[in-house]
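Engineer: Got a predicted model here, sequence first, then my questions.
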Amino acid sequence: MKKLLLLLAVFLWLPISQANEAEIKRGNAADASGDYKTSFPIWRSFAEQGHAEAQFNFGWMYDKGLGVEKNSVEALKWFRKASKQGHELAFKLYHKAATEGDVLVQYNLANMYYQGLGVSQNYVESFKLFRRAAVEGDAKSQFSLGIMYELGHGVPQDYVEAIKWYRKSAEQGYAGAQNNLGYMYYRGLAIRKNLDTARRWYSKAAKQGHALAQSNLGYQHYSDGGTEFSSFRKAIALGQAEAEYDIIALYPDEPNEDTRPQRALEAIQSGDYGTAFSIYHSLAEQGDASAQYNLGIMYYEGRGISRHHIYSYMWLSLAKTNGEARAQESLDFLRGQIASEDISKAQALSAKCWESNYADCPTIAQAKEEGLKAGKADFSKWRSLAAQGDASAQYNLGVMYYEGRGIPQSYIYSYMWLSLARTNGEERAQKVIEALGSFLSAADIVKTQSLASKCWESQYKDCSA
């Protein structure tokens, strides 16, 4: 029987108090004598404190029945905790359980790949695992698969497939899927628009306490001419940040405590920059100097929106005008980053926005549209440099084709340009090429290789199909 590692060595990196040292020695002595009933609670204490090695070893004890009744569910739970902290052996054992058909593990592992928890983020691997579990009937995986199809993460965007998987999950009573299916009916995305059906699915989700569904019900009720805002109130109570914006915007005379700044901060801390950007934008248009500053920074960094230095300068200028002390340093920095004519444009936009009391400021839709135009401009730039044999430009061009950013998505052209970039020494290309393998058939890959050869031999003059 394989024994546990001696934890005295494992835990040398712990803050070793005299009490900890004594416990480690006692646990190791118990393991050495095969007294796992004594060592089990000792290692459990360290595992519950969040130490990855302890979590792995604790899972191993459950897996092998050492000092406790054998329990594969508990073993996998602790392997997962260790895996999320990057423990390689725990991840291998967890992955093995997924390949052997454990649906819960497939779902959890797919989430780890999707979020990059303990492993490099990989939408393609995430999609494969969600699909395996979804086919087995797991409602959460069916919902997650629907999201990936809707957003085009790890698979080409396909609203029809998204609806199919949302429906399968919704019919099993999964609230998130019921809400999303309602939204598809509300918007008429790849399905005939039907507000009654949308309301029915929103209601099903709302009855289960789904915050966004409550908010969606409230918005739909308002759109129908209603003045009852109880759905918004329920959504706020359940923690739906956007509902606070909706109730303030749609019912401005209704008193309401505005906790949006805190919601935005929490969104940033969780990596949900899109939500944070939307909240800051709504606050900025109401004259909130801190939100204007944060919006300017997000435009500069491209978080939650495409990078836009003019809009960044504009919102930072307004923040400074409204008394935000941090804005000046950022403006000074930006002046060295953008052209003088762009600064003039930003100042003009800032004045226009200010004089209209924020009624005539660039909208989120405008920013997104300009981001698309910028993508097209980037394509022209990278295409020109790629034709000169620039490996980095060829890589960027391949990524743009892969993401469909500023140009129609094409896995074949993506693969072709990435192959050329790899040939020219661009190391980053290999990772994207490997991801593309999931979308291209053997015949497609042969075709791209032929295109790449033709492009290469013509010195980039003949690079089309």
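Structural biologist: Structure received.
Engineer: Figure out the length between the terminal residues of stretch 92-111.
Structural biologist: 16 Å (C-alpha to C-alpha, to the nearest Å).
Engineer: give me the element residue 69 is part of.
Structural biologist: Using DSSP states H and E, residue 69 is not contained in any helix or strand.
Engineer: Near it, how many residues? Count them for me, please.
Structural biologist: Counted with other C-beta atoms under 10 Å, residues neighbouring residue 69 total 7. For glycine as for every other residue, the C-beta is placed from the backbone atoms N, C-alpha and C.
Engineer: Could you give the backbone dihedrals for it?
Structural biologist: With angles defined as degrees, to the nearest 10, residue 69 sits at phi -60, psi 140.
Engineer: Any figure for the gap between it and residue 37?
Structural biologist: Residue 69 sits 11 Å away from residue 37 when distances are taken as C-beta to C-beta, to the nearest Å.
Engineer: Could you do residue 146 as well?
Structural biologist: Counting by C-beta to C-beta - residue 146 and residue 37 are separated by 47 Å.
Engineer: again, but for residue 336
Structural biologist: Following C-beta to C-beta, the distance that separates residue 336 from residue 37 is 67 Å.
Engineer: who's more crowded, these two?
Structural biologist: Neighbour tally, residue 336 and residue 37, criterion other C-beta under 10 Å: the higher count belongs to residue 37, 11 against 6.
Engineer: which helices and strands sit right next to the helix or strand the more buried one falls within?
Structural biologist: Using DSSP H and E, residue 37 sits in helix 36-48. On a contact count with 3 or more C-beta pairs under 8 Å, 6 or more residues apart in numbering; DSSP states H and E, helix 36-48 meets helix 18-32, helix 52-64.
Engineer: What residues does the spatially most central residue of the chain make contact with?
Structural biologist: Nearest to the mean C-alpha position of the chain, counting by C-alpha atoms, centre = their mean, stands residue 115 at 6.1 Å. Residues in contact with residue 115 (C-beta atoms under 8 Å, 6 or more residues apart in numbering) are residue 121.
Engineer: hang on, isn't residue 411 packed against residue 402?
Structural biologist: Yes. At 6.9 Å, residue 411 and residue 402 qualify as touching, with contact defined as C-beta atoms under 8 Å.
Engineer: which residues do these two both contact?
Structural biologist: With contacts taken as C-beta under 8 Å, 6+ apart, the residues that reach both residue 411 and residue 402 are residue 436.
Engineer: Please enumerate the helices of the stretch 101-250 of the chain.
Structural biologist: For the stretch 101-250 of the chain, the helices defined by DSSP state H, counting those that start in this stretch cover 103-115, 123-135, 139-151, 159-170, 175-187, 195-207, 211-223, 230-237, 241-250.
Engineer: In TSV, list those along with distance to residue 329.
Structural biologist: Putting the helices of the stretch 101-250 of the chain into TSV (distance: least, C-beta to C-beta, whole Å) gives the following:
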stretch	distance to residue 329
helix 103-115	33
helix 123-135	37
helix 139-151	36
helix 159-170	44
helix 175-187	41
helix 195-207	45
helix 211-223	37
helix 230-237	35
helix 241-250	29
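Engineer: between the ones you listed, which one is nearest to residue 460?
Structural biologist: helix 123-135 (28.8 Å; C-beta to C-beta).
Engineer: Please list the outside residues in contact with the closest one.
Structural biologist: Against helix 123-135 from outside (C-beta under 8 Å, 6+ apart): 98, 103, 106-107, 109-111, 113-114, 140-142, 144-145, 148, 153-155, 165, 168, 435, 438.
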